[in-house]
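Student: Got a predicted structure plus its sequence, pasted below:
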Amino acid sequence: MKLRLIIYSIFIVSNLFAQDYIEYQRIINRIDEDVLNKEYFSAIKRLDSLYENFDFIYSRHCFKALQICSVSQDSLNADKWLEKSFIQGVPIWMIRTNELTKHILKYTTTQTTIDRYDSLRNIYNNSVNLKVRNIIDSLYEIDQQFTTKVNDGFILFRNTYHGIRWLQNNKKQFTILNEIIDKYGYPDERLIGLTRDLEDSSQHIKSFNFWGPSLMENKTYIMLIHYYSTPRADINNKLIKNIKLGYLPPYQFGAFNDFMARWGKKKYGEFEYYNVWHKDPDNSNDLNIEKRRNYIGLNSYEQQNRNMLLYRERRKNHTANSEIILE
């Protein structure tokens, strides 16, 4: 009996360590290449590996999987990913509105899952840490009040009175966010779910049709971008751990470091670019930047720029809601 318990414990521990979300992101990057090459069978095989090996899958990647299943007319996998999408918080109105995923709702294979929408939605709601989400929502509301005054307040007070209060608030809120990270993990989608207002289609359907699917929780991201807009010490060690655990998307980590590299001071250390938000002006660092990006699971800088240009072209041509989303 003891031996069986030991073997089971080893299995559980090894499974937990196997769920490395840096590798997860690398698989997602390879799926993008499959999509652009129209190799949908390969993309579905890679998606299967995510489904089988990772407990948590980001909602935007569930949605991407649905789009790939629709394009390849894979009705069996479509049902599997429809169920996963509901469990990860994707509202059904988004699936109805997207030009690719709306076809999935007509498959005979998906009707039982559609009927279970409310119960699957409850699984999502029960997975959300409401205590932390309420704190983040409150902090973000305060952040936006101070930020609005800095951007739009009386011009003589923007960089003086309002600016000083904004900086003080950034520091105060960072202390709270840092405590949350230590206790619960980085407060992004895995911990606090998607932004609440996504449930209301009337607020988003117009922008959804123009901008395409947007499934992200970015309140903490925005608050920390504001915090790192002035010289600050980093918390990179704990943030990298959160990337590996699936709490922090790699692009957010890269952006924080770009701000530290651009606006930091040497007394806080030597910060390095990831070319996510700000680009290193010294091109001789390009090779090292690619190594840094790969280390945390980001796609290459070239792929990032290509995807951004494709996205701009889709918006210009009003096709963002009828193309498979990219990283």
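Tutor: Here it is on my side, so go on.
Student: alpha carbons only for contacts and neighbour counts from here, please
Tutor: Will do.
Student: Leaving out the residues flanking it, which one is nearest to Tyr117?
Tutor: The shortest distance from Tyr117 to any residue other than its chain neighbours is 6.7 Å, reached at Phe86 (Cα to Cα, 6 or more residues apart in numbering).
Student: Using the three-state scheme, assign that neighbour.
Tutor: helix (DSSP: H, G, I helix; E, B strand; the rest coil).
Student: could we number from 15 for the rest of this?
Tutor: Right, with 15 as the first residue, what we last looked at is Phe100.
Student: which ones are touching it?
Tutor: Ile106, Tyr131, Leu134, Arg135, Tyr138 (Cα atoms under 8 Å, 6 or more residues apart in numbering).
Student: Roughly how far does it sit from Cys76?
Tutor: Separation of Phe100 from Cys76 (Cα to Cα, to the nearest Å) stands at 9 Å.
Student: next one: Trp225
Tutor: Distance from Trp225 to Cys76, by Cα to Cα: 18 Å.
Student: Give me the more crowded residue out of those two.
Tutor: The neighbour count for Trp225 versus Cys76, taken as other Cα atoms under 10 Å, is higher for Cys76 (24 against 18).
Student: Test my guess that that one contacts Trp95.
Tutor: Yes. At 6.2 Å, Cys76 counts as touching Trp95 under the criterion of Cα atoms under 8 Å.
Student: where does the nearest residue to Arg307 once chain neighbours are set aside fall, phi/psi-wise?
Tutor: Nearest-residue entry for Arg307: Tyr288, 6.1 Å, with adjacent residues in sequence omitted and distances by Cα to Cα, 6+ apart. Backbone torsions of Tyr288, given as degrees, to the nearest 10, read phi -120, psi 0.
Student: contacting residues for Tyr288?
Tutor: Taking Cα under 8 Å, 6+ apart as the test, what Tyr288 contacts is Gly268, Ala269, Asn271, Asp272, Asp294, Ile303, Glu304, Arg306, Arg307.
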